[in-house]
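In: no sequence for this one, just the structure:
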């Protein structure tokens, strides 16, 4: 028998879609800032200025979304809290191993999980750490052209430890790692939906997943 369970609350779903669209904006504008691929035809065509403005606005939105998600690690339901993301129990590690074996076609059935599977939670935790590093390196670069103590707190202090070329490289590499994650995320999500019919993809819109009762 299948029952519908409300798993993903509104803040979790909103943050997901903010990240989804914001990564697109930040990637296009970031690539342009690093290597301009559109050239102005007239002196009033402020393409770089507009790209930088869009990138900075996108960075603020991205940072706000991350702060909301951090708050919801403590205020959210059992599927959104940090205990569901950090593998601290034996059962969580067993779920991670079983899920890996399932994706490697060494196990016929996926392990039972209402919220994130252990492997998914671990990968999301890793991506979230990368997001935080992206924010720090981004604001470190931002602080070079913007004055104010707040930018030093948000990431400018990195410039006292690393040169800006290294920081820019890390900032750029995380973007490409994010692309890899997005590809794997789509594949695994659709694969789970097709095989297990949990409604994993539609749940990011509705918040509900289909769970088979034991």
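Out: Now that the structure is in, tell me what you want to look at. Note that this is a predicted model, so its numbers are computed, not measured. Numbers count the residues shown, from 1 in each chain.
In: how about the strands in the protein?
Out: 2-6, 208-212 (DSSP state E).
In: would you mark the buried spots in the first one?
Out: Within strand 2-6, no residue qualifies as buried by neighbour count (16 or more other Cβ atoms under 10 Å). Bear in mind the C-beta positions are built from the backbone N, C-alpha and C, glycine included.
In: just how off-centre is that strand within its chain?
Out: 26 Å (Cα atoms, centre = their mean, to the nearest Å).
In: so which elements touch that strand?
Out: In this structure, strand 2-6 packs against strand 208-212, with contacts taken as 3 or more Cβ pairs under 8 Å, 6 or more residues apart in numbering; DSSP states H and E.
In: so where's the protein uncertain?
Out: Along the chain, segments meeting pLDDT under 70 span 1, 195-196, 212-214.
In: how about the helices in it?
Out: Assigned by DSSP state H, the helices in the chain fall at 10-34, 47-75, 82-85, 90-103, 118-142, 149-154, 164-196, 203-206.
In: now distance to residue 23 too, for the strands of the chain, in JSON lines please.
Out: Below are the strands of the chain laid out as JSON lines (distance: least, Cβ to Cβ, whole Å):
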{"stretch": "strand 2-6", "distance to residue 23": "27"}
{"stretch": "strand 208-212", "distance to residue 23": "24"}
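In: to residue 48, which of those lies closest?
Out: Set against residue 48 and scored by Cβ to Cβ, the strands of the chain come closest in strand 208-212, at 44.5 Å.
In: residue 102 and residue 118 touch, don't they?
Out: No. Look at residue 102 against residue 118 with Cβ atoms under 8 Å: they stay out of range, at 11.1 Å.
In: anything in contact with each of those two?
Out: By Cβ atoms under 8 Å, 6 or more residues apart in numbering, residue 102 and residue 118 have these common neighbours: residue 111.
In: looking at the helices of the chain, which is nearest to residue 110?
Out: With Cβ to Cβ as the measure, helix 90-103 is the member of these nearest residue 110 (4.7 Å).
In: between that closest one and helix 118-142, how many degrees?
Out: 90 degrees (axes from the mean of the first three to the mean of the last three Cα atoms, to 10 degrees).
In: run the chain-centre distance for stretch 123-142.
Out: Taking the mean of its C-alpha atoms, stretch 123-142 sits 9 Å from the chain's own mean (Cα atoms, centre = their mean).
In: show residues contacting that stretch.
Out: Here stretch 123-142 has contacts from 56, 59, 62-63, 66, 69, 85-86, 116, 151, 154-159, 164, 167-168, 170-171, 174-175, 177-178, 181, 184, using Cβ under 8 Å, 6+ apart.
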